[in-house]
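A predicted structure for the sequence below; I have some questions about it.
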Amino acid sequence: MSVIKDISQIFPKHLFWDVDPKNLDIQDDKDFIIPRALMATTEETFVKDIQPLEQLYSKMQIVRELRKTKERISNEVCKLVARRYHVRQFLRYQ
């Protein structure tokens with residue numbers, strides 16, 4: 001994991017439409033950054049979309065934040081993450 005201060009250089013701007021990504025702190029705002037980075041992913045774009053997160057966070061940090069987020073993360077994204085990291089499948093919506 002490298003030291004990155006400005007996430008606006010690695011994530012698409014449309015994911016953070018309501019905030020200035022330059023004002024987000026990598027560690028303090030991980031509960032916001034991680035779900036947002038995967039909010040618009042699909043099965044086809046998942047690998048490309050998750051790679052920037054993996055530069056910033058451990059696999060377990062990504063899983064932990066997705067499990068507890070209140071953001072609108074689809075069950076499909078949760079399944080893709082669980083499969084990638086070989087953890088028990090989890091769902092946001094029953």
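Thanks, I have it.

flag the shaky bits of the chain, pLDDT-wise.
Scanning the chain for pLDDT under 70 picks out 1-5.

cutoff 80 now
1-6, 94 (pLDDT under 80).

nearest the middle, which residue of it would you pick?
Most central residue of the chain, judged by C-alpha distance to the mean C-alpha position with CA atoms, centre = their mean, is I34 at 2.8 Å.

that one is in what secondary structure piece?
helix 30-38 (DSSP states H and E).

ok, residues contacting that helix?
Contacting residues not belonging to helix 30-38 are listed as 7, 11, 15-16, 19, 24, 26, 46, 49-50, 52-53, 56-57, 61-62, 65-66, 68-69, 71, 73, 77, 81 [CB atoms under 8 Å, 6 or more residues apart in numbering]. In this view, the C-beta of every residue, glycine as well, is placed from N, C-alpha and C.

same thing but 6 Å
Counting by CB atoms under 6 Å, 6 or more residues apart in numbering, helix 30-38 makes contact with F11, L15, L53, I62, E65, T69, E71, I73, V77, all of which sit outside it.

the fourth one: neighbour count?
When neighbours are defined as other CB atoms under 10 Å, I62 has 22 of them.

quick one: contacts for it?
With contact set as CB under 6 Å, 6+ apart, I62 has these partners: I34, L53.

ramachandran angles for it?
Per-residue torsions, I62: phi -60, psi -50 (degrees, to the nearest 10).
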